[in-house]
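> next input, structure requested:
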Amino acid sequence: MTKVLAPQLADLKACVEELGIKEAGIPNCSPTGTGLRIDWSDACSLGRNGERDFVLVVDKDTEYLANFNTKSRHNPVDLLRTYFTTTGKRPRYLCVDGAKEFVSDDMVEYCIHIQLNTTLSYRR
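Coordinates of the predicted model:
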């Protein structure tokens with residue numbers, strides 16, 4: 001380890017200990033206070049299988065972006081499940097707009113251990 005990184009690593013370890021976070025290996029959820037934001041968008045062109053829309057997933061902590069093409073906006077739960085399977089991480093918080101598919105019974109049931117934060121839905 002270089003002399004430059006050693007103090008930063010020590011500071012990070014001290015901060016983690018101060019917060020009382022003790023996780024072995026890779027945590028299975030986002031760090032405390034962070035989460036995901038998801039929303040729909042129109043595709044600029046048709047996808048290979050006729051997809052007209054996509055859902056964009058933004059990890060607020062790492063700024064990791066992922067998009068999943070879809071033919072309909074009816075059920076984002078399957079797309080969210082794909083994201084969790086792909087990354088191996090589940091957030092503690094999920095921020096969505098108030099669109100009916102994001103606050104549906106299916107979404108609420110799937111996010112039983114995730115705090116679902118809702119904002120106003122966007123109107124075109």
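> contacts and neighbour counts: CA atoms only from here.
OK.
> quick one, what contacts Asp59?
By CA atoms under 8 Å, 6 or more residues apart in numbering, the residues touching Asp59 are 34-37, 65.
> give me the pLDDT for it.
We have a pLDDT of 85 for Asp59.
> swap in His74?
According to the predicted model, the pLDDT of His74 comes to 77.
> likewise Leu80?
pLDDT for Leu80: 86.
> can you confirm it is in a helix?
Yes: counting by DSSP: H, G, I helix; E, B strand; the rest coil, Leu80 is found in a helix.
> make CSV out of the contacts of Asp59 and add secondary structure and distance to Cys44.
As requested, the contacts of Asp59 are exported to CSV (DSSP: H, G, I helix; E, B strand; the rest coil; distance: CA to CA, whole Å):
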residue, secondary structure, distance to Cys44
Thr34, coil, 30
Gly35, strand, 27
Leu36, strand, 24
Arg37, strand, 21
Leu65, strand, 17
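> those helices in the chain, which residues are they?
5-19, 76-87, 105-110 (DSSP state H).
> ok, of these, where does mean pLDDT dip lowest?
Of all those, mean pLDDT reaches its minimum on helix 5-19 (a mean of 63).
> geometric centre of the protein: which residue is closest?
Closest to where the C-alpha atoms of the chain average out (CA atoms, centre = their mean) is Leu36, at 2.9 Å.
> residues in contact with it?
By CA under 8 Å, 6+ apart, the contact set of Leu36 is 57-60, 91, 93-95.
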